[in-house]
Structure formats: C-alpha cells, structure tokens
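Enquirer: Return atomic coordinates for the entry below.
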Amino acid sequence: MDTEGNVIFAITGRGQVTNLWDFAGLFLKLDCRDALFLDGDISQAVTNPDKDIRSNRFAAIFVITE
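Expert: Model prediction:
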C-alpha cells in the first residue's frame, strides 16, 4: 500500500527481465514503504541453471483487512 492506502501491484510480462533493485525503486517512486516480491520461476533458474524451466502456474489470494 502507498501512503494514501492504495494497493499497488506490479507484474512483469512473459519474458520480461527485471531485478530487485529496479523493483524496489519502482515502489519507492510510488511512495510505498513496504513491498512483497512473490517469486515465480526465478529461484528455479538459480538452482537448476542447466534445465528448462516450466512455469509453475500458481495461484494466489490477496486479502486486505482493517
């Protein structure tokens, strides 16, 4: 959430490359003090660099409560 209470989502497109520095910078520019990085396939690429990576196709539920 930003300082006005808006929920912000940032999603990379298929094949788009990003890094944590740019990710953090985006949220700083959007006036968000905290951000959560939900790792999809990136950690698989680090642990298995010689194997093709299939998408893990996971689902998530986001809940915002007072």
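
Enquirer: all helices of the protein, in order?
Expert: For the chain, the helices identified by DSSP state H occupy 20-29, 42-47, in order along the chain.

Enquirer: where's N6 relative to T12, distance?
Expert: Computed with CB to CB, to the nearest Å, the distance linking N6 and T12 is 20 Å. For glycine as for every other residue, the C-beta is placed from the backbone atoms N, C-alpha and C.

Enquirer: same question but for A35, I mixed them up
Expert: Spatial separation of A35 from T12 under the definition CB to CB is 14 Å.

Enquirer: can you check L20 too?
Expert: According to CB to CB, L20 and T12 sit 12 Å apart.

Enquirer: Tell me the residues that contact both of the two, please.
Expert: Where contact means CB atoms under 8 Å, 6 or more residues apart in numbering, no residue is in contact with each of L20 and T12.

Enquirer: Flag the shaky bits of the chain, pLDDT-wise.
Expert: Screening the chain residue by residue with the criterion pLDDT under 70, one finds the ranges 39-49, 51-60.

Enquirer: can we see that at 50?
Expert: For the chain, no stretch is flagged by pLDDT under 50.

Enquirer: now the strands for it?
Expert: Listed from the start of the chain, the chain has no strands (DSSP state E) to report.

Enquirer: Show the contacting residues for D34.
Expert: By CB under 8 Å, 6+ apart, the residues touching D34 are M1.

Enquirer: Phi and psi next, for it.
Expert: Main-chain dihedrals, D34, degrees, to the nearest 10: phi -130, psi 150.

Enquirer: do you know how far it is from Q16?
Expert: For D34, the distance to Q16 equals 23 Å [CB to CB].

Enquirer: do V7 as well
Expert: As for V7, its distance to Q16 is 22 Å (criterion: CB to CB).
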